[in-house]
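# Got a predicted structure here, sequence first:
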Amino acid sequence: MKIATWNVNSLNVRLQHVLDWLQAQKPDALCLQELKMEDAKFPVAAFDAIGYNAVFSGQKTYNGVAILTRQRAEDVTMGMPGYADEQKRVIAATVDGVRVICVYIPNGQSVESEKYAYKLAWLEQLEKFVQSEIATYGQVALLGDYNIAPADADVHDPAQWFGQVLCTDAERAAFFRLIGLGMQDGYRLFPQAEKSFTWWDYRMNGFKRGLGLRIDHILLTADLAKRCTEVVIDLEPRKLERPSDHAPVMATLT
DNA sequence: ATGGCAGGAAGCTCCTGA
């Protein structure tokens, strides 16, 4: 079984990239973030034509999440129970016995911003939600754009980013509280190349210069981590014309 | 020198992203 995550930064612009990638990689589940699209405009037929079902929660201009699956997704939930949030950032579904949670964690903008306070509050809510999902389903995979670089090894220039949003102690503590629920960072289950990143700024030739961050993650409960044989970041889509600024990340489970 | 690039909605500019 293959499960993957990709922040596409507008599904409208990136649709062909996603279709091509699905056909090449054939994941059983692909979590998408930043659809920037109302539900009424979601390209259901385009995915159906290549054998994928879609469940999605979108809005105009910002945010928006989806899970694409080969088998029909079951027990679909949107948002976090008990947490009213107009921003569409969470969708979850059961796929082949695995509880797949797709998240687009807030960016936070800057430490001084109200958006940063929202991000930290949102992360506290996420911790409760994931704990509840683990209690209910057992086997949980939490995939998405976390907007958190967990360690300095995940940052091209830790000194430059020290104390900056995406790298603050409070955000990293929230990440490790998720780990503390009994999950593992899939990517770090295996030896990986140094300077492995999933996002590169569009500006200043960030990708070509390797100026990136690892902020897209796949967390796995212990039983799924045992089944995991590989986690890769696919750099190829980032090399295409008009790419997303994020690369997809994919885990293989036995 | 807080710039740079991209997407969306609006509309000839601004907000957001990370």
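Here it is on my side, so go on.

# By average pLDDT, which secondary structure element in chain A comes out worst?
The weakest-scoring helix or strand in chain A, judged by mean pLDDT, DSSP states H and E, is helix A:158-161 (a mean of 95).

# Let me know whether that helix sits next to DNA strand B.
No - if you take Cβ under 7 Å from any atom of the strand as the test, helix A:158-161 misses DNA strand B, and the best it gets is 9.5 Å. No exception for glycine: its C-beta is placed from N, CA and C like everyone else's.

# Tell me the residues on the stretch 101-250 of chain A that lie near DNA strand B, please.
Close to DNA strand B, as judged by Cβ under 7 Å from any atom of the strand, the stretch 101-250 of chain A has residues A:106-107, A:109-110, A:115, A:145, A:147, A:165-166, A:199, A:201-204, A:213, A:215, A:242, A:245-246.

# Among those residues, which lie within strands?
Judged by DSSP state E, those include A:145, A:199, A:213 as members of strands.

# Who are the packing partners of the longest helix along chain A?
Taking DSSP state H as the criterion, chain A has its longest helix at helix A:114-137. The helices and strands touching helix A:114-137, judged by 3 or more Cβ pairs under 8 Å, 6 or more residues apart in numbering; DSSP states H and E, are strand A:90-95, strand A:98-104, strand A:140-145, helix A:169-180.

# how close does residue A:199 get to residue A:244?
Shown here: residue A:199 relative to residue A:244, a distance of 9 Å by Cβ to Cβ, to the nearest Å.

# what sits in contact with each of those two?
Counting by Cβ atoms under 8 Å, 6 or more residues apart in numbering, the shared contacts of residue A:199 and residue A:244 are residue A:7.

# angle of the longest helix of chain A against strand A:140-145?
160 degrees (axes from the mean of the first three to the mean of the last three Cα atoms, to 10 degrees).
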